[in-house]
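Asker: only geometry, no sequence info:
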């Protein structure tokens, strides 16, 4: 069906509904008052799509432009750009922006993107109910509103060599013991690098590695906040669970001679037989070819039966039937939204739900190294996101682990507030200082917490607190 015809039909349906409900009023979710109810077929619209920091994703979206035009007559063009260090107060010069998940807070808080209209989200081609639970209820929302459509969220997982390890570790304590043992079992010829375990320590990834380790220690079932106190916006990263996680990370980094790599370098190292355990995630979009092997398996990141209660200043033990793992959200992933100021908001949102819908969403999402399946219906196609060298059975394991991760009751977000990059960069620098034994874990996190306090003050303590509440979907934010 052509979009012009679709706009025409929807327009007359809206008129009839509003006349019927005249006494009750016509709610905004039923009709966009800024968009004319009738758009003639012979006046195609043109949209500008801006993609931040993902050339491969931009190329795929551009490649599908002809299909959109053939479908409805409208057109769009795609521009790819580097993400600026900080956003300007003006909206991006585009109708649609595609961006890393951590940018959501900055865009939403400045009013630079438009919330998704409820009736658009209910369109049958979009199939909102098909989205994995945390994608729909957490990743896509800011405060009480759905601000974006998802294009997939890569969740850090544990790759391991099945020829060296039969069962993956379930706790971080077990992981650390295995890392040291496996490090001693590596090749002794010196012809290739070897490490018992690799965790991302390059750039801002060092901060994300710490958060992945700290998540099961810090995210108590009785609390919603893991990084800041919700009453005073006081950083929690120098509290016992984070100190414990960083000390364990440092001990293992020293024991296995862990270099500073990113997740994609780690995945290649696992395939190349250069490490036994590696924290990364699957991707079909990697530019480099990994070595071929059937000895690769994957599992969820470890968890912990012990969790810290900040209000009571004590460590609790989870019940036996409780999940010891916590999903880390926002480590990667891509979202898309309509930019404030677009002349055709409703039509731009229709383009969004096509890009993220059941028909096209898999083709677009799998083009990026930062994404993963985000719909239940995509789990059976998990191989589409998997590196071509992976053994066939890895696809089912990937789908199962991703589904479990994206429906967990406990999750921790990587900072997605305004200034997210500053929080991460500051924390990452201190993690590397501690890993290099330049200071203790406690001293490193104390320095990071002080820098986080400065960032809060520079951006407005109460403003950041309200943004943090909205990021957690906590009632009471205004």
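Answerer: Right, received. Where do you want to start? Since we're looking at a predicted model, the values are computed, not measured. Numbering: from 1, shown residues only.

Asker: Tell me who's in contact with residue 265.
Answerer: By Cβ atoms under 8 Å, 6 or more residues apart in numbering, the contact set of residue 265 is residue 202. C-beta coordinates here come from the backbone N, C-alpha and C atoms, glycine included.

Asker: doesn't it fall inside a strand?
Answerer: No - assessed with DSSP: H, G, I helix; E, B strand; the rest coil, residue 265 is helix; it does not lie in a strand.

Asker: Now do it, the pLDDT please.
Answerer: Note for residue 265: predicted pLDDT of 96.

Asker: Confirm for me that residue 51 is in contact with residue 94.
Answerer: No - under the criterion of Cβ atoms under 8 Å, residue 51 makes no contact with residue 94, lying 9.2 Å away.

Asker: what's the overlap in contacts for these two?
Answerer: Both residue 51 and residue 94 are in contact with residue 79, where contact means Cβ under 8 Å, 6+ apart.

Asker: the more surrounded of these two?
Answerer: The neighbour comparison of residue 51 against residue 94 (other Cβ atoms under 10 Å) goes to residue 51, with 25 against 22.

Asker: measure the more buried one to residue 445 for me?
Answerer: Separation of residue 51 from residue 445 (Cβ to Cβ, to the nearest Å) stands at 35 Å.

Asker: Please apply the same query to residue 278.
Answerer: In terms of Cβ to Cβ, residue 278 sits 25 Å off from residue 445.

Asker: Output the below-cut-off pLDDT ranges for the chain.
Answerer: 1-42, 86, 88, 188-190, 286-292, 475-478 (pLDDT under 70).

Asker: show me the contacts for residue 161.
Answerer: With Cβ under 8 Å, 6+ apart, residue 161 has these contacts: 270, 273, 275, 276, 277, 295, 296, 297.

Asker: of these, closest to residue 158?
Answerer: residue 277 (6.4 Å; Cβ to Cβ).

Asker: In which helix or strand does the closest one reside?
Answerer: Using DSSP states H and E, residue 277 sits within strand 275-280.

Asker: right, and the helix or strand after that strand?
Answerer: Scanning forward in sequence from strand 275-280 by DSSP H and E, the next helix or strand is strand 296-299.

Asker: helices or strands up against that following strand?
Answerer: Packing partners of strand 296-299 (3 or more Cβ pairs under 8 Å, 6 or more residues apart in numbering; DSSP states H and E): strand 157-161, helix 393-405.

Asker: In a markdown table, list the ones you listed along with distance to residue 65.
Answerer: Below are these laid out as a markdown table (distance: least, Cβ to Cβ, whole Å):
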| stretch | distance to residue 65 |
| --- | --- |
| strand 157-161 | 33 |
| helix 393-405 | 29 |
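
Asker: right, so these: which one is the most enclosed?
Answerer: strand 157-161 (a mean of 24; mean count of other Cβ atoms under 10 Å).

Asker: Helix 393-405 and that one, what's the angle between them?
Answerer: 150 degrees (axes from the mean of the first three to the mean of the last three Cα atoms, to 10 degrees).

Asker: Can you list the strands that strand 157-161 pairs with?
Answerer: Partners of strand 157-161 in the sheet, by DSSP bridges, are strand 275-280 (antiparallel), strand 296-299 (antiparallel).

Asker: Which residue ranges of the stretch 201-350 of the chain form helices?
Answerer: 205-218, 240-255, 263-271, 345-355 (DSSP state H, counting those that start in this stretch).

Asker: Tell me what angle the longest one forms with helix 205-218.
Answerer: Between helix 240-255 and helix 205-218, the angle comes out at 130 degrees (the same axes, to 10 degrees).

Asker: Now helix 240-255: buried residues?
Answerer: 240-250, 252-253, 255 (16 or more other Cβ atoms under 10 Å).

Asker: what's the answer for stretch 132-151, then?
Answerer: 132, 134-136, 138-143, 146-151.

Asker: Also stretch 59-73?
Answerer: Those would be 60, 61, 62, 64, 65, 68, 72, 73, for stretch 59-73 by 16+ other Cβ under 10 Å.

Asker: Kindly check the end-to-end length of it for me.
Answerer: Terminal residues of stretch 59-73 lie 21 Å apart, using Cα to Cα, to the nearest Å.

Asker: what does stretch 220-229 give?
Answerer: End to end - Cα to Cα - stretch 220-229 spans 13 Å.

Asker: again with stretch 303-315
Answerer: End to end - Cα to Cα - stretch 303-315 spans 15 Å.

Asker: Same question for stretch 268-281.
Answerer: 11 Å.

Asker: Would you quantify the distance from residue 462 to residue 357?
Answerer: Noted for residue 462: a distance of 39 Å to residue 357, by Cβ to Cβ.

Asker: Who has more neighbours out of these two?
Answerer: More neighbours surround residue 357 than the other of residue 462 and residue 357, with 19 against 10 (other Cβ under 10 Å).

Asker: residue contacts, residue 305?
Answerer: 171, 317, 318, 324.

Asker: of all those, which two lie farthest apart?
Answerer: 171 and 317 (12.4 Å).

Asker: More neighbours: which of these two?
Answerer: Between residue 171 and residue 317, counting by other Cβ under 10 Å, residue 171 is the more crowded of the two (16 against 10).

Asker: For that one, list each beta-bridge partner.
Answerer: residue 303.

Asker: wait, it sits on residue 304?
Answerer: Yes - here residue 171 reaches residue 304: they are 5.5 Å apart, a contact under Cβ under 8 Å.

Asker: Give the residues shared as contacts by those two.
Answerer: Here residue 171 and residue 304 have residue 324 as joint contacts, going by Cβ under 8 Å, 6+ apart.
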